[in-house]
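[1] The sequence isn't on hand, but the structure is:
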């Protein structure tokens, strides 16, 4: 279980309408034998998809990939939603400190 997680039901209503740009969802596709992963980031309104191949699924690798990827959109990111995967949840505090964005798990 992710420590200090925020329930998805507390997500702002505007996120659900898909009328405003800047609400992203992240997920992780883990490779065979858990040796690699692909980070997926989708912007909800436009359905714009970003995929990053990762060398692993540790928090440091994920945090770096998410930060580098979202840097181009830093002025537009309003929320980041994820499921309860421990790999993604482990970087919650890092993202909150660095990005100052609302993250919902």
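    Arrived safely, thanks for sending. Small disclaimer: the values here were computed from a predicted structure and weren't measured. Numbers count the residues shown, from 1 in each chain.
[2] What is the subsequent helix or strand relative to the helix or strand encompassing residue 52?
    Using DSSP states H and E, the element containing residue 52 is strand 49-54. The first helix or strand that comes after strand 49-54 along the chain, using DSSP H and E, is helix 59-70.
[3] Give me the angle between that next one and strand 49-54.
    Relative orientation of helix 59-70 and strand 49-54, computed by axes from the mean of the first three to the mean of the last three CA atoms, to 10 degrees: 140 degrees.
[4] so where's this protein uncertain?
    For the chain, the stretches with pLDDT under 70 are 1-5, 84-105.
[5] Need the contact partners of stretch 23-37.
    14-15, 38-45, 53-57, 62, 66, 70, 73, 77-83, 85, 87-88 (CB atoms under 8 Å, 6 or more residues apart in numbering). For glycine as for every other residue, the C-beta is placed from the backbone atoms N, C-alpha and C.
[6] Residue 12 reaches residue 81, doesn't it?
    No. Checked against CB atoms under 8 Å, the pair residue 12 and residue 81 is beyond contact range at 10.4 Å.
[7] So if I had to pick from those two, which one is more boxed in?
    Taking other CB atoms under 10 Å, residue 12 and residue 81 do not tie; residue 81 has more neighbours (19 against 13).
[8] can you give me the helices in this structure?
    Secondary structure of the chain (DSSP state H): helices at 13-17, 59-70, 86-89, 92-99.
[9] in its sheet, what does the strand holding residue 52 sit against?
    Strand pairing for strand 49-54, using DSSP bridges, gives strand 37-43 (antiparallel).
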